[in-house]
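Undergrad: After the sequence you'll find the predicted model.
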Amino acid sequence: MTPSLPTPTRKDWLSILCLGLIWGGTFLVISLALRGYGPVTVACARTSFGALTVLVLLRLTGRQLPRSAEVWRSAVPIGLLSTALPFFLLSWGQQSVASAFAGLSMAAVPLFVLPLAHRFSDEPLTVRRAIGFGFGFAGVLVLLGPDALRGGGTTLAQLACLGAALSYALSSILTRRCPPVDPVALAAATLMVGAVVLLPAMLLTEGVPGWAGPVPGVAILFLGLVPTAFAALLRVTVIRSAGSGFMTLTNYQVPLWSMGFGVVFLSEILPTTFFAALGLILIGLAISQSGWRQAR
């Protein structure tokens, strides 16, 4: 018997559209922040400002942090995999690769979600999804290009961006399996976990940051408030309402927005392989998500 999956609401669809735009522009903002700060500082600022913002929201709405040990056992790995690790990997990777590449690599998230959801949740891996996975994986290979076989710093940066995608996929599955908890409280807890990990790492490797000018300074503040704090609330709410499979629909939008922003605002030149990779990945997403809708 096919498991019954959550039915997305109109609010879920609007949240997905909003998240696609926000996260698609995040890579542009990271590139601006990196003009004045190191990658660990950028990642730490995102989690720290984000955590403070959500904690204030908790206080204003009369909510409290989770008190259940069971919830915290879930919140710790979710925080590591949804904030600390991917934020650092993306910031580090974008020192060497274009923001458009980083955004396009996020389209690989559903590629990782498909087998993980099959193994650890109630979302089966059908033949259609497996075919979609194959197309998407081919797109990832095209994205990396033949130079990946020779290794080097750029290849490591590319793999770091794809590693962030894998980290997000794992956190999506863990979020879906988390015990019942207020989504705002869970977002605050996970961001706190990321801040606790990244703050000492920043102090040890890059020291106490100062004001680096209006562009990187405003960019780093924006990263903490919008794509981190606000988007974290939306992300947790959508996953718990409609499932991790539905959440991957943001990946149709993110690469398009990131490539557009990179070209318009950073004058990035996109190679032909980017468009070939995007086409294969989107075909894979379309096939696999078609299977997800039929499974419902």
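TA: Alright, I've got the coordinates. Numbering: from 1, shown residues only.
Undergrad: Please, where are all the helices along the protein?
TA: 10-33, 39-60, 69-79, 85-93, 99-105, 109-120, 127-144, 153-177, 183-205, 214-223, 231-242, 244-247, 250-266, 272-295 (DSSP state H).
Undergrad: Could you identify which of those is most buried?
TA: When you average the neighbours per residue for each of those (mean count of other C-beta atoms under 10 Å), helix 99-105 leads with a mean of 29. (Glycine included, C-beta is placed from N, CA and C.)
Undergrad: Could you give the separation of it from the chain centroid?
TA: Its chain's C-alpha centre and that of helix 99-105 lie 12 Å apart, by C-alpha atoms, centre = their mean, to the nearest Å.
Undergrad: what packs against that helix?
TA: Helix 99-105 sits against helix 10-33, helix 127-144, helix 153-177, helix 250-266, helix 272-295, with contacts defined as 3 or more C-beta pairs under 8 Å, 6 or more residues apart in numbering; DSSP states H and E.
Undergrad: outside of stretch 200-220, which residues touch it?
TA: Applying C-beta atoms under 8 Å, 6 or more residues apart in numbering, the contact partners of stretch 200-220 are 29-30, 32-38, 40-46, 49, 88.
Undergrad: mind redoing it with 10 Å?
TA: For stretch 200-220, contacts defined as C-beta atoms under 10 Å, 6 or more residues apart in numbering pick out 28-46, 48-49, 84, 88, 195.
Undergrad: do the same with stretch 56-74
TA: Stretch 56-74 has contacts (C-beta under 10 Å, 6+ apart) with 54-55, 75, 78-79, 174-175, 177-190, 192-193, 229-230, 233.
Undergrad: Determine how far the last residue of that stretch lies from the first.
TA: For stretch 56-74, the first-to-last residue distance is 22 Å (C-alpha to C-alpha, to the nearest Å).
Undergrad: residues in contact with the residue positioned nearest the centre of the chain?
TA: In the chain, the centroid-proximal residue (C-alpha atoms, centre = their mean) is Y168; its distance is 5.1 Å. Neighbouring residues of Y168 by C-beta under 10 Å, 6+ apart: 23, 81-82, 85-86, 90, 106, 108-109, 112-113, 235, 247-248, 251.
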